[in-house]
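A.B. asks: Requesting a structural model of the entry that follows:
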Amino acid sequence: MSDFSTQAFDLKSLLPPFHTEKLPSGGFYADVPAEINIRGLTVRELKHLTASGRFDKKVFDQTLASCIKEPINLSKLLLQDYNFIVYCVRLYSSGSKANGRKQCKGCGSTYNFEYDLTESAQVKFLEDVLPISTSVNLPRFKEQFGFDVSAEVKPLTRGDYLKIDRAISQASELASKTGQPMGSYPLMELLKAYIISISGLPPQIPKDQLLDYLDPKEANLITNAYPDDAFGLSGKATTTCPVCTTEQEFVIPFTDIFFQ
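C.D. replies: Reported below is the predicted structural model:
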């Protein structure tokens, strides 16, 4: 029998092993690395995430960072890279089996189902350098006023997402207190996160005022400045309603929802 009193015994050696993973952006954006080392969560970390009964995104990111060997600023990661890390941590923590919840479009019943992450997920890796920003021309200004106006647009990061999420939560709380609808507030915050600057505008017109007058087509030009099929993480699972056997697709949320 081993004599533990004479041996160095460190429980940290029992932490889940690290796995080297290539990030979808492939190291071709800003200072994001091409590869990082990721491990799964421990039981204690899982408990820590849900101990308060309220899922806190800041606490989640702190816990997620502890599962990465390299020091990394999660808020600066592109959303695609961040979601991929969440996916890997979920995979290494609990395996490939996952549960979803869907409301049937046929009979209206809500049901739970199981699917396989590795079979349903697809990852695309960037093959060329991703520009830090890109210019999007807003053609109506040339047509109506005779001068060019363009928006300098960047891809969204985890930090951008958190700002949008906070703004939407605040707007939702305000709407519930006042009884007024949120309107297009979420879209407005999304555009603010995408747009770095506007060029060509007369100096007396602020950027935020311009956003009030953009039409849906221009909003789509801005939010789709970077094609989704260039790289990223996507996934769908086919589900069958146990009541009426209607089949439909479930879009996998590669987010902190995995752990809630």
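A.B. asks: all contacts plus neighbour counts: C-alpha atoms, from now on.
C.D. replies: Fine.
A.B. asks: Now Arg249: closest residue in space that isn't a chain neighbour?
C.D. replies: Careful, residue 249 is Glu and not Arg. Nearest residue to Glu249, sequence neighbours excluded (Cα to Cα, 6 or more residues apart in numbering): Thr238, at 4.6 Å.
A.B. asks: Tell me, how many residues neighbour that neighbour?
C.D. replies: By the criterion of other Cα atoms under 10 Å, Thr238 has 12 neighbours.
A.B. asks: How about the contacts made by it?
C.D. replies: 247-250 (Cα atoms under 8 Å, 6 or more residues apart in numbering).
A.B. asks: ok, now Phe28?
C.D. replies: Taking Cα under 8 Å, 6+ apart as the test, what Phe28 contacts is 34, 126-130.
A.B. asks: ok, 10 Å please
C.D. replies: Shown in contact with Phe28 (Cα atoms under 10 Å, 6 or more residues apart in numbering): 34, 126-132.
A.B. asks: ok, now Pro131?
C.D. replies: Neighbour list for Pro131: 28-30, 154-155, 226 [criterion: Cα under 10 Å, 6+ apart].
A.B. asks: helix/strand/coil for Gln204?
C.D. replies: coil (DSSP: H, G, I helix; E, B strand; the rest coil).
A.B. asks: State the distance from it to Leu210.
C.D. replies: Look at Gln204 and Leu210: by Cα to Cα, to the nearest Å, they are 11 Å apart.
A.B. asks: can you give me the helices for this structure?
C.D. replies: 43-50, 57-66, 79-94, 117-120, 139-145, 158-178, 185-194, 207-211, 216-223 (DSSP state H).
A.B. asks: most packed of these?
C.D. replies: Each of the helices of the chain was scored by mean neighbour count; the highest is helix 79-94, a mean of 21, by mean count of other Cα atoms under 10 Å.
A.B. asks: Dump it to CSV, keeping only the CA atoms.
C.D. replies: Extracted as CSV, the C-alpha positions of helix 79-94 are listed here (Å, rounded to 0.1, in the frame of the first residue of the first chain):
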residue,chain,number,x,y,z
LEU,A,79,-17.8,35.0,-32.2
GLN,A,80,-17.0,32.0,-34.5
ASP,A,81,-13.8,31.2,-32.5
TYR,A,82,-15.5,31.8,-29.2
ASN,A,83,-18.5,29.5,-30.0
PHE,A,84,-16.0,26.8,-31.2
ILE,A,85,-14.3,26.9,-27.9
VAL,A,86,-17.7,26.5,-26.1
TYR,A,87,-18.4,23.6,-28.4
CYS,A,88,-15.0,21.9,-27.6
VAL,A,89,-15.4,22.4,-23.9
ARG,A,90,-18.9,20.9,-24.0
LEU,A,91,-17.6,18.0,-26.1
TYR,A,92,-14.7,17.3,-23.7
SER,A,93,-16.8,17.7,-20.6
SER,A,94,-19.8,15.6,-21.5
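A.B. asks: any idea of the angle it forms with helix 57-66?
C.D. replies: On the basis of axes from the mean of the first three to the mean of the last three Cα atoms, to 10 degrees, helix 79-94 is oriented at 70 degrees to helix 57-66.
A.B. asks: count of residues packed around Ala151?
C.D. replies: Neighbours of Ala151 using other Cα under 10 Å come to 21.
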